[in-house]
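Visitor: With the input below, show me the fold.
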Amino acid sequence: MSFASQGFGPEIVRAVTECGYDKMTPVQRKAIPAARKGRDILANAQTGTGKTAAFALPILQQLLDSPKQRQGRQIRALILAPTRELAAQIATNCRDYARYTPLTVEAVYGGTKMAGQAERLKGGVDILVATPGRLLEHVAENNVSLSQVAHLVLDEADRMLDMGFAGELKRIIALVPPKHQTLLFSATYPPKMKQLATQSLTHPVVVSVAPQNATADTVSHVLYPVDEERKLDLVVELIGRKNWKQVLVFANYKESVDAVVAELNQYGVPAAACHGDKGQGARRRALREFKEGKIRVLVATDVAARGLDIQGLPYVLNYDVPFLAEDYVHRIGRTGRAGLPGHAISLVGRDEELSIAQIETLIGHIIRRINQPGYAVKDRTNLLYEVRTKQRYTRKQARANNPTDQSAGERALRARKGRSR
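Guide: Model (predicted):
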């Protein structure tokens, strides 16, 4: 099915053709016809499925079909994203799609000065891409008004909820006119997502391109049991001595990110950090050098890595098991895309076995274990049996994803600092 068959104007068809798009992806085929008619959409789709075009192209065409003169500080379409990286990426894509139209696209997010963003908003914008917190700052300063928004997109809505943006989303939705189109996209569908969907959508068309919480068939999953204090050594063993190229490493704490980068660099493996304490310029530079192959390893927290689009990424390594089982799906969604093979590797300490059991339940299969020579750990047979069968474990909820709780990370770092080389 082609984009021209969906009634898009020649300027949009020309732009998407130049972007290299030929046929529509499954999520585009299912979402675009309903979105073109102004219907609300509830879509279960992971990153890498073409979802940005699925919501952006229908909005662009509807704006072109109902031309209006831009008014000061008013916007016509609002796209919300959880992180600055994803917001910047979406804005770039929207500008590419709109290059042959008179429509304007702007982005506002943290890490850059408010004044420059306010200046660009002054004359009004057709499409605004924003992170929730920065958008509300501009609303408070009267730099932007949401009173004319006709189209609202919540992209990676599950992640926005995980990051604690539920209150901000509620405030933003209250500022948008009651009659508007809402397109909600999420990779996972936990209970709090159902609540948000109920509150924000009206008779939505449900779009699903994969089983809920599924992982790509092209990704192989393995885990390495390892004592917490030996994780840094094992990272060097796997990436350095096995000569893995282009590895995206996830850690739960900024301190852990910095420790992994320092360890890899010390052993001659070029690595860079990407977390909230890094400036926007430093994060962009690290991502660019990673894509260009100047560094082999990019180490990031979940917040910093959300929305990263790295074509052909072969390896994702979980230095820390994510707090939430759904985040495992998000993390490994960086690899195995577009039909290419990918590898998801997790280093698992004894205290993380419960989280692994919850991940295995979520994705529907047991992850293969590899005992790396020289990193033997105490036998975990009894522990594994208990976390998968005993009620006291199976009834236990996943750890809260609270980025301010640094105790586990601090304990691990103290243990590493005390080990002998």
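Visitor: switch to C-alpha atoms for all contacts and neighbour counts from now on
Guide: OK.
Visitor: And residue 298, how close does it get to residue 377?
Guide: Relative to residue 377, residue 298 is positioned 28 Å away (Cα to Cα, to the nearest Å).
Visitor: try residue 228
Guide: Taking Cα to Cα as the measure, residue 228 falls 10 Å from residue 377.
Visitor: Residue 103 too?
Guide: In this view, residue 103 and residue 377 are 59 Å apart by Cα to Cα.
Visitor: More neighbours: which of those two?
Guide: Neighbour totals were compared for residue 103 and residue 377, and residue 103 leads with 17 against 13 (other Cα atoms under 10 Å).
Visitor: tell me the contacts of the more buried one?
Guide: Contacts for residue 103 (Cα atoms under 8 Å, 6 or more residues apart in numbering) come out as 60, 64, 126-127.
Visitor: swap the cut-off to 7 Å and go again
Guide: residue 126 (Cα atoms under 7 Å, 6 or more residues apart in numbering).
Visitor: check which helix or strand covers it.
Guide: Under the criterion DSSP states H and E, no helix or strand holds residue 103.
Visitor: Could I get the pLDDT score of it?
Guide: On pLDDT, residue 103 comes in at 97.
Visitor: Could you do residue 175 as well?
Guide: Residue 175 carries a pLDDT value of 97.
Visitor: same deal with residue 142?
Guide: Per-residue confidence (pLDDT) for residue 142: 96.
Visitor: And for it, the neighbour number?
Guide: Residues near residue 142, counting by other Cα under 10 Å, number 12.
Visitor: how close does it sit to residue 175?
Guide: Residue 142 is 13 Å from residue 175, where distance means Cα to Cα.
Visitor: same check, this time on residue 275
Guide: Counting by Cα to Cα, the gap from residue 275 to residue 175 is 31 Å.
Visitor: Compare these two and say which is more crowded by neighbours.
Guide: residue 275 (22 against 15).
Visitor: Residue 302 is in contact with that one, correct?
Guide: No: Residue 275 is beyond contact range of residue 302, at 8.3 Å (criterion: Cα atoms under 7 Å).
Visitor: I figured residue 11 was touching residue 99, is that so?
Guide: No: using Cα under 7 Å, residue 11 is not in contact with residue 99; the gap is 8.1 Å.
Visitor: For these two, indicate the residue with more neighbours.
Guide: Legend: neighbour count by other Cα under 10 Å for residue 11 and residue 99, higher for residue 99 (17 against 14).
Visitor: Looking at that one now. What's its pLDDT?
Guide: Residue 99 is assigned 96 on the pLDDT scale.
Visitor: quick one: contacts for it?
Guide: Residue 99 makes contact with residue 15, according to Cα under 7 Å, 6+ apart.
Visitor: so which strand or helix has it?
Guide: Applying DSSP H and E, one finds residue 99 in no helix or strand.
Visitor: From residue 16, how far off is it?
Guide: Counting by Cα to Cα, the gap from residue 99 to residue 16 is 10 Å.
Visitor: Could you export the one helix or strand residue 16 maps to as CSV, CA atoms only?
Guide: Using DSSP H and E, residue 16 maps to helix 10-18. Coordinates of each C-alpha in helix 10-18 appear next as CSV, following Å, rounded to 0.1, in the frame of the first residue of the first chain:
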residue,chain,number,x,y,z
PRO,A,10,1.7,15.7,-3.9
GLU,A,11,3.9,17.8,-1.7
ILE,A,12,3.7,15.2,1.1
VAL,A,13,4.1,12.3,-1.2
ARG,A,14,7.2,13.9,-2.7
ALA,A,15,8.7,14.5,0.7
VAL,A,16,8.2,11.0,2.0
THR,A,17,9.5,9.6,-1.2
GLU,A,18,12.7,11.6,-0.8
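Visitor: C-terminal to it, which secondary structure element comes first?
Guide: As assigned by DSSP H and E, the chain's next helix or strand after helix 10-18 is helix 26-36.
Visitor: any idea which helix or strand comes after that next one?
Guide: Using DSSP H and E, the helix or strand that follows helix 26-36 towards the C-terminus is strand 41-44.
Visitor: mind checking how far that following strand is from the chain centre?
Guide: Counting by Cα atoms, centre = their mean, to the nearest Å, strand 41-44 is centred 16 Å from the centre of its parent chain.
Visitor: Would you mind pulling the contact partners of it?
Guide: With Cα under 7 Å, 6+ apart, strand 41-44 has contacts from 35, 182-188, 204-209, 212.
Visitor: Recalculate using a threshold of 10 Å.
Guide: Strand 41-44 is contacted by residues 27, 30-32, 34-35, 51, 54-55, 153-156, 181-189, 194, 197, 201-213 when judged by Cα atoms under 10 Å, 6 or more residues apart in numbering.
Visitor: What's the mean pLDDT across the helix or strand just after it?
Guide: Scanning forward in sequence from strand 41-44 by DSSP H and E, the next helix or strand is helix 51-65. The average pLDDT within helix 51-65 is 96.
Visitor: Show me what helix 51-65 packs onto, helices and strands only.
Guide: Packing partners of helix 51-65 (3 or more Cα pairs under 10 Å, 6 or more residues apart in numbering; DSSP states H and E): helix 10-18, helix 26-36, strand 41-44, strand 75-80, helix 84-97, strand 125-130, strand 151-154, strand 181-186.
Visitor: again, only using 8 Å
Guide: Contact partners of helix 51-65 among helices and strands, from 3 or more Cα pairs under 8 Å, 6 or more residues apart in numbering; DSSP states H and E: helix 26-36, helix 84-97.
Visitor: what about the strands in this structure?
Guide: Here the chain has its strands, by DSSP state E, at 41-44, 75-80, 105-108, 125-130, 151-154, 181-186, 205-208, 219-225, 247-250, 271-274, 297-300, 315-318, 342-348, 368-369.
Visitor: is it possible to export those to JSON lines including mean neighbour count and distance to residue 4?
Guide: Output for the strands of the chain, formatted as JSON lines (neighbours: other Cα atoms under 10 Å; distance: least, Cα to Cα, whole Å):
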{"stretch": "strand 41-44", "mean neighbour count": "24", "distance to residue 4": "21"}
{"stretch": "strand 75-80", "mean neighbour count": "24", "distance to residue 4": "23"}
{"stretch": "strand 105-108", "mean neighbour count": "24", "distance to residue 4": "23"}
{"stretch": "strand 125-130", "mean neighbour count": "25", "distance to residue 4": "22"}
{"stretch": "strand 151-154", "mean neighbour count": "23", "distance to residue 4": "22"}
{"stretch": "strand 181-186", "mean neighbour count": "26", "distance to residue 4": "22"}
{"stretch": "strand 205-208", "mean neighbour count": "17", "distance to residue 4": "21"}
{"stretch": "strand 219-225", "mean neighbour count": "19", "distance to residue 4": "33"}
{"stretch": "strand 247-250", "mean neighbour count": "25", "distance to residue 4": "37"}
{"stretch": "strand 271-274", "mean neighbour count": "26", "distance to residue 4": "40"}
{"stretch": "strand 297-300", "mean neighbour count": "28", "distance to residue 4": "39"}
{"stretch": "strand 315-318", "mean neighbour count": "25", "distance to residue 4": "36"}
{"stretch": "strand 342-348", "mean neighbour count": "22", "distance to residue 4": "33"}
{"stretch": "strand 368-369", "mean neighbour count": "12", "distance to residue 4": "45"}
